[in-house]
Every structure is written in structure tokens, then in C-alpha cells.
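1. coordinates only, sequence not included:
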């Protein structure tokens, strides 16, 4: 099979392959460790994990780099507010992030470099940009990238450099308003200020700290080379962060930075944008507090296509719980003890084919449950079951399961479909359709009970 994936750079779906014929080398922008990652962050990380699993599932080895941002304005402010060193503060939140990743069954990256560990590499890259007249030093010792000197700036985001707004994104500019030649020039190195406290490093331009954008360029270059296969992040990073990475990296090396750009759309919460003011920046800890698991959250975050905004609801977690329990019961009944990768998908090949079509997870999950429903019927009548590929497909999705599903009576596949359709009708406030579906479920011998978590099904006694 061949994986085709939308490329933000070319604006079309293109094959994903290892240019060196050995490994798919890809870089993912990781978390800024100043607090717990929210579930919107994890939608991106889970989709990146799925990408890696699919690539490996079609037989291509990978080299996966995901960085840790442990020095910037937020980490410095957070550490000072708690009266802890920057290292102590960021180490704590990095451990929290890694525990969450484990609960969500994210494969650990092959390398997880931190920005603080790679300041020498960042300084060397800045020196190279200065020598190429792509960067300049301000009077107080900050260093800026000269956007006007980089011809293709704005290509990834589809922007004309002449039309860039000075306030397009606060992260484009240095928030500290140092003297700059151009209003859109961005900081590569920030000169030390008293509010930075002890957080400073020596450089040829005086004490200070790196700008956010140069960190990823230096780390990706060190571990993947000047030019590599794929770069990923949320859509919010297209501009200015990834645009700035391209300018820095190609300006420094003179080579094409990245061939394929993979971006994941936003997560919405109950129809609203995620925001601190709305109090809906939910974390995995919040989800677990509602009685759900990391696996159920993973299922929800995989349920919609990565290029479309996904609307997260508490009810969707209940549907995920029901779906995963069906899979667990089938796997347990046919003796599948663990999800392992054998690259043989058998009757589950249509699931993998859907994933290879621009990671179409909605279509893939539909194909998965079609086969699961067939197996349920085969088990019901005592027919021999061919389960070749189930373990491999579960591994590609990253679904873990126990050998002991929840002890309840398995509703037929058709009833579960009606129940999930009714759940969606309730979410849409379509009460007439909801009542019709309740009656259809009752006609098939089942009672559906609404709950805060979604629904429960019981056979009519």
C-alpha cells in the first residue's frame, strides 16, 4: 500500500516516502512545558502518532523527532511565579506530558530534544545567518532575521510579504519591542532583560536567550539533516512559526528544508472555540475525572478527519467507550491477546486502505466496525471466524485493550448503530428523530437509557 497525504506546501495530496530509501525522517513541534497539555494539543500529537503507525504499518521505518520547548516567555514567567528554577519547573511539566502520552498510547519519539539542551546549536545557526546577511544585531544585543532578504517568505501560508500585517500574530514579532529594521523581522536571539532573572546564556552578542522559532530549526537540523521528509504541527503553527523555520533553515543551509508539510485542524469544544476565558481548555486529567480513559479520548480525537475541525463533546466519549468495548469483546472472543504489528491485514485491508487515503479515520473506523459487526454475527451463529489483521489494525489505531471487556450483554451491531445515531440526534437537539430512534431500538428488543455520559443499552426482560 502507498500512503497519500495532503501537503500544505503544494496544496494537494502526495505520496509519503523516505527520500533516502531507509527511513521516513519527520519532525513534530512538541509542547511548551509550562502547564498540562490540553486535549486540543493532543489531537495533533495523536494524529502525528497515527501517521507514524500507518507509515510503519506499510513497511517504512521512521525516524521521529518531537521537541520540548523549555525556554520562552511562558516558561520563564511560570517558573518565577512558583519561585522555582526554570529547569525544575519545566522538568515537572515535561513529566506530566510524558505520563499523559503514555495514557494515550503515543509512541515515544526516537529523540525528544529540548531547546535548553541545544542552545549552542542555535547560536551556531544564528552566526551563519548573520554571515549570510540574513540576520542583523540590534544596538542592545538582540538578533533579528531580515525577512526582506528571504525571497519566498510567506509561501507556506500563501501570504504576500508586502501584505503582511504587523499584528498578524504576536509571535511573529518580538513582544519586547526591540529596535528592528523591518516591522515584521523576528527575533533569533533576545538580549537579556532584568525580568528574565537568571535565565540567560552567553552568546557572541551578549547574554540572552534564543527566540522560539530558531529552536526548532536547530534541533531538526541536528537530528534529521538540512533537508528531510516531513514536518508537522497544528494549523496555528503554519504562520508564523513554520514560515519562520523555513526562512531560517533554508537561509542557513541553502537547501530545501522540508518536502511534505502535515498540519492538523483545531478542536472545538461543544461547538465553541477552545479558550481560557470559556474554561474549556480540558486536559486528560479532566477527562479521567469524568470517568473516562485515555484510550476513549484517543478514540474521540481520531474520529474525525484531521483536516477538518473536530467538535468534542462529553457524549462523544460515551460513544467511544461503547465502540472500544465492542472491539474488546470481539478480540477477547476470538483469542486476540495483544495488538501487534505483522503487516497482514486480511479482511481488515479496507481499514488500512482508508487510512492510506489521507488518513481518513472516519472512513477507516466505519470499515473497522463493518468487519467487527460481521464477526459478531459469525460468533453468534457459531461460524468459524477469520480474524487475520485485527491485531495489526488495532496497533495502527493505537488502541490497547484488556482481555476482560466490561461485563454487559452485547447489543447487536444494528442496535448499536441506531443508539449512536440517536446520540447524535440528541446532540443536534433533534428531539423528534431522537424519539423515533428510541422506538426503533425498543422494537428490536432493547431499552436505551440516557445518561450524562451518553447512553446505556439493556435487553427488554
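-> Looks like it arrived, so ask away. Just so you know, these numbers come straight off a predicted model, no measurement behind them.
2. Quick one: low-confidence residue ranges for the chain.
-> In the predicted model of the chain, residues 161-182, 337-342, 402-411, 413, 451-454, 461 satisfy pLDDT under 70.
3. Which residue ranges of the stretch 151-300 of the chain form strands?
-> Ranges of strands in the stretch 151-300 of the chain, per DSSP state E, counting those that start in this stretch, are 186-191, 208-210, 228-234, 258-264, 267-269, 272-273.
4. which neighbours does the shortest one have in its sheet, and in what orientation?
-> Spelled out, it's strand 272-273. With DSSP bridges as the test, strand 272-273 is paired with strand 267-269 (antiparallel).
5. Of the strands of the stretch 151-300 of the chain, which is nearest residue 48?
-> Taking Cβ to Cβ, strand 228-234 is the member of the strands of the stretch 151-300 of the chain nearest to residue 48, at 5.2 Å. Bear in mind the C-beta positions are built from the backbone N, C-alpha and C, glycine included.
6. Hey, what's the angle from the closest one to strand 258-264? Just curious.
-> 20 degrees (axes from the mean of the first three to the mean of the last three Cα atoms, to 10 degrees).
7. Could you pull out the helices in this structure for me?
-> Assigned by DSSP state H, the helices in the chain fall at 39-57, 73-81, 86-103, 119-131, 212-224, 243-253, 284-289, 294-302, 314-333, 349-355, 361-380, 390-397, 413-427, 431-443.
8. I'd like those helices laid out as a markdown table, including mean neighbour count.
-> Shown next, in a markdown table, are these (neighbours: other Cβ atoms under 10 Å):
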| stretch | mean neighbour count |
| --- | --- |
| helix 39-57 | 24 |
| helix 73-81 | 17 |
| helix 86-103 | 17 |
| helix 119-131 | 19 |
| helix 212-224 | 24 |
| helix 243-253 | 24 |
| helix 284-289 | 16 |
| helix 294-302 | 24 |
| helix 314-333 | 21 |
| helix 349-355 | 20 |
| helix 361-380 | 18 |
| helix 390-397 | 23 |
| helix 413-427 | 19 |
| helix 431-443 | 15 |
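9. Output those in TSV; the columns should cover distance to residue 199.
-> As requested, these are exported to TSV (distance: least, Cβ to Cβ, whole Å):
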stretch	distance to residue 199
helix 39-57	24
helix 73-81	5
helix 86-103	5
helix 119-131	11
helix 212-224	14
helix 243-253	22
helix 284-289	28
helix 294-302	33
helix 314-333	40
helix 349-355	43
helix 361-380	41
helix 390-397	41
helix 413-427	46
helix 431-443	56
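10. For residue 371, list the residues it contacts.
-> For residue 371, the contacting residues are 347-348, 350-351, by Cβ atoms under 8 Å, 6 or more residues apart in numbering.
11. got it, and residue 19?
-> By Cβ under 8 Å, 6+ apart, the residues touching residue 19 are 25, 228-229, 259.
12. hang on, the earlier thing: now render the strands of the stretch 151-300 of the chain as CSV, adding mean neighbour count and distance to residue 364.
-> Formatted as CSV, the strands of the stretch 151-300 of the chain follow (neighbours: other Cβ atoms under 10 Å; distance: least, Cβ to Cβ, whole Å):
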stretch, mean neighbour count, distance to residue 364
strand 186-191, 26, 39
strand 208-210, 24, 40
strand 228-234, 25, 19
strand 258-264, 22, 16
strand 267-269, 20, 19
strand 272-273, 12, 27
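13. Is it possible to get a markdown table of the ones you listed that adds distance to residue 459?
-> Shown next, in a markdown table, are the strands of the stretch 151-300 of the chain (distance: least, Cβ to Cβ, whole Å):
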| stretch | distance to residue 459 |
| --- | --- |
| strand 186-191 | 63 |
| strand 208-210 | 63 |
| strand 228-234 | 44 |
| strand 258-264 | 41 |
| strand 267-269 | 35 |
| strand 272-273 | 38 |
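14. before we move on, back to that, which of the contacts of residue 371 sits closest to residue 274?
-> Closest to residue 274, out of all of those and judged by Cβ to Cβ, is residue 351, at 29.9 Å.
15. how close does that closest one sit to residue 82?
-> For residue 351, the distance to residue 82 equals 46 Å [Cβ to Cβ, to the nearest Å].
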